[in-house]
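**Q** got a structure for you, letters missing:
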């Protein structure tokens, strides 16, 4: 039976689907630069790609070798993927014999000291960014920070929000209405993220070097591969992003002021193990502070409410001053079978899923939710393709496949509204292909990775290396048009000049 709140929202949206025209989305894609032999690149970020501090589209995440490609906010999925494709082709033209690793779980790394920290120059802000990364390595180890993924940023147009506020009879500022509803999306996204981990997870295996010296509980293959036969996304498991200090940190998503307060509190609350490690040791800064979080971005989450920051602002300050502008969906693995790491079907499905989370009833989180949600996440990432998997929701324990089937029935109506708004059938077609994965787990990305490893007769490393080689060849065979290459090279040059200006300031 369809959620009653969703029924009410669809009733007016079906009459006025055009108010959804103007949705904006942007992609952030992380990928390790690797040597031809598959080991992590030790080279600096190529100067031809500009300044990682000031370039609008090309930067680095944790490591100097962990490149991050950022599209602008785009009016269509095709435009966003086109931007990401152009950035890939531009990068490949300037990294020589190196490749971009195509899997979320990393290449051969060696010891932690073999993972170079990202460098941003000698300005105060540049040095602070590198210090933050040094602190992350001190706290969690550098290997964990080499895991890569896709972040999908999504916002809905003002016309939609004004129409919804009118339908709801809500009084007050439009931005307050938007922020409250975006927080509702965030809560529902976390409640139902198990479905995304099943459908879009593509990291059931990892190179043994990543977990060297750690207890892991994974099964071994002769090729040095570690895996779980029914896993979906080890990237999102306790073996991937994990943080003991944050395990007891319950950041509220029930209201924006609570969310801001809890993050600010974590930034100001000392954590004894980090105090023991020291902030400054032998005259050298080790971390920004010894608190639970150095800065807001250290808080790991499947999704974040976001606001574009201005110069000198912290993320929570931007949210407090201007409210939620968009959401950042963060639980998407790199798809090694897609040259860009994400395909058009996945993008359309994410938008259907996010709009469903926005339109359905979203009760406030209770204390029990903070225990149940990570339990469901861990069960899904380790045993998601187990046909008997049981998850726990607010009404009790249910078979995953039953919960997913009911959710797909509701997603169908949302996809139809998005199709109507954009004069397409792409949303319902993408939904149908994702539903096929529920019927046949062999179609999931995680199952396909294990099958490809088996068919080729080698393990994770060999599979990932072959895919990286193939995608590199495909990208180099499609060089950018000269005018587009000049445009991106111009952006690189301008970013280097902007960094030089920053470094010339007191």
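**A** Everything's here; your move. In this text the structure is predicted, and so the values were computed from the model without any measurement.

**Q** could I get the buried residue list for the helix or strand where residue 492 lies?
**A** If you go by DSSP states H and E, residue 492 is part of helix 482-504. Across helix 482-504, burial judged by 16 or more other C-beta atoms under 10 Å covers 485, 488-489, 491-492, 495-496, 498-499, 502. Bear in mind the C-beta positions are built from the backbone N, C-alpha and C, glycine included.

**Q** and those residues as a markdown table, adding distance to residue 305?
**A** Listed next are the buried residues of helix 482-504 as a markdown table, based on distance: C-beta to C-beta, whole Å:
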| residue | distance to residue 305 |
| --- | --- |
| 485 | 36 |
| 488 | 31 |
| 489 | 35 |
| 491 | 29 |
| 492 | 32 |
| 495 | 28 |
| 496 | 33 |
| 498 | 29 |
| 499 | 30 |
| 502 | 29 |
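
**Q** just the pLDDT for the spatially closest residue to residue 13 that is not a sequence neighbour.
**A** In space, and not counting its chain neighbours, residue 13 is closest to residue 417: 5.1 Å by C-beta to C-beta, 6 or more residues apart in numbering. With respect to pLDDT, residue 417 scores 98.

**Q** next, count neighbours for residue 417.
**A** 20 (other C-beta atoms under 10 Å).

**Q** pLDDT of the helix or strand hosting residue 453, averaged?
**A** Taking DSSP H and E as the criterion, residue 453 maps to helix 445-456. Taken as a whole, helix 445-456 has an average pLDDT of 93.

**Q** which outside residues touch the helix or strand following that helix?
**A** Once the chain leaves helix 445-456, the next helix or strand it forms, by DSSP H and E, is helix 460-476. With C-beta atoms under 8 Å, 6 or more residues apart in numbering as the test, helix 460-476 has contacts from 34, 38, 88-89, 92-93, 99-103, 105, 107-108, 205-207, 223-227, 336-337, 339, 449, 452-453, 456.

**Q** gap between helix 460-476 and the chain center?
**A** 22 Å (C-alpha atoms, centre = their mean, to the nearest Å).

**Q** what about residue 388, which SS state?
**A** Per DSSP: H, G, I helix; E, B strand; the rest coil, the local secondary structure of residue 388 is coil.

**Q** which ones are touching it?
**A** Contacts for residue 388 (C-beta under 8 Å, 6+ apart) come out as residue 399.

**Q** just residue 152 next, same as before
**A** Residue 152 neighbours (C-beta under 8 Å, 6+ apart): 25, 27, 328-329, 332, 342, 347, 350.

**Q** of the residues you listed, closest to residue 4?
**A** residue 350 (24.8 Å; C-beta to C-beta).

**Q** what's the following helix or strand after the host helix or strand of the closest one?
**A** Counting by DSSP H and E, the element that carries residue 350 is helix 344-359. Tracing the chain past helix 344-359, the next element assigned as helix or strand by DSSP H and E is helix 369-383.

**Q** that following helix: which residues count as buried?
**A** Within helix 369-383, the residues that count as buried by 16+ other C-beta under 10 Å are 369, 372-373, 376-377, 379-383.

**Q** how big is the angle separating it from helix 445-456?
**A** Computed by axes from the mean of the first three to the mean of the last three C-alpha atoms, to 10 degrees, the angle separating helix 369-383 from helix 445-456 equals 20 degrees.

**Q** and the host helix or strand of residue 159, what does it pack onto?
**A** Per DSSP H and E: residue 159 is located in helix 158-168. When contacts are defined as 3 or more C-beta pairs under 8 Å, 6 or more residues apart in numbering; DSSP states H and E, helix 158-168 packs onto helix 4-13, helix 174-200.

**Q** what's the following helix or strand after the longest one?
**A** Going back to what we said before, that points to helix 174-200. Next helix or strand after helix 174-200 toward the C-terminus (DSSP H and E): strand 205-207.

**Q** rewinding a little: off-centre distance for the strand or helix carrying the residue nearest to residue 13?
**A** Using DSSP H and E, residue 417 sits within helix 400-422. The chain centroid and the centroid of helix 400-422 are separated by 22 Å under C-alpha atoms, centre = their mean.

**Q** just the angle between it and helix 344-359, please?
**A** Going by the same axes, to 10 degrees, helix 400-422 makes 100 degrees with helix 344-359.

**Q** need the next SSE after helix 400-422, C-terminal direction.
**A** With elements assigned by DSSP H and E, the helix or strand that comes after helix 400-422 is helix 426-439.

**Q** for that following helix, buried residues please.
**A** 426-428, 430-431, 433-435, 437-438.

**Q** helices or strands up against it?
**A** Counting contacts by 3+ C-beta pairs under 8 Å, 6+ apart, helix 426-439 is packed against helix 174-200, helix 344-359, helix 400-422.

**Q** helices or strands up against the helix holding residue 417?
**A** With contacts taken as 3+ C-beta pairs under 8 Å, 6+ apart, helix 400-422 sits against helix 4-13, helix 174-200, helix 344-359, strand 390-393, helix 426-439.

**Q** avg pLDDT for the helix holding residue 159?
**A** Here the average pLDDT along helix 158-168 is 96.

**Q** for stretch 192-201, same thing?
**A** 97.

**Q** chain center to it: distance?
**A** Distance, centroid of stretch 192-201 to centroid of chain: 13 Å (C-alpha atoms, centre = their mean).

**Q** ok, residues contacting that stretch?
**A** 231-233, 235-236, 302-303, 331-333, 335, 346, 349-350, 353, 357, 376-377, 379-381, 384-385, 391, 400, 404, 407, 434, 437-438, 444-446.

**Q** just the strands in the stretch 1-150 of the chain please.
**A** Assigned strands in the stretch 1-150 of the chain, in chain order: 24-34, 58-60, 66-70, 99-100, 150-155 (criterion: DSSP state E, counting those that start in this stretch).

**Q** give me the local confidence score for the one residue sitting closest to the centre of the chain.
**A** Centroid-nearest residue in the chain, with C-alpha atoms, centre = their mean: residue 330, separated by 2.6 Å. At residue 330, the predicted lDDT confidence score is 96.

**Q** can you check residue 394 too?
**A** 76.

**Q** cool, and the one 10 residues further on?
**A** The predicted local confidence for residue 404 comes out at a pLDDT of 97.
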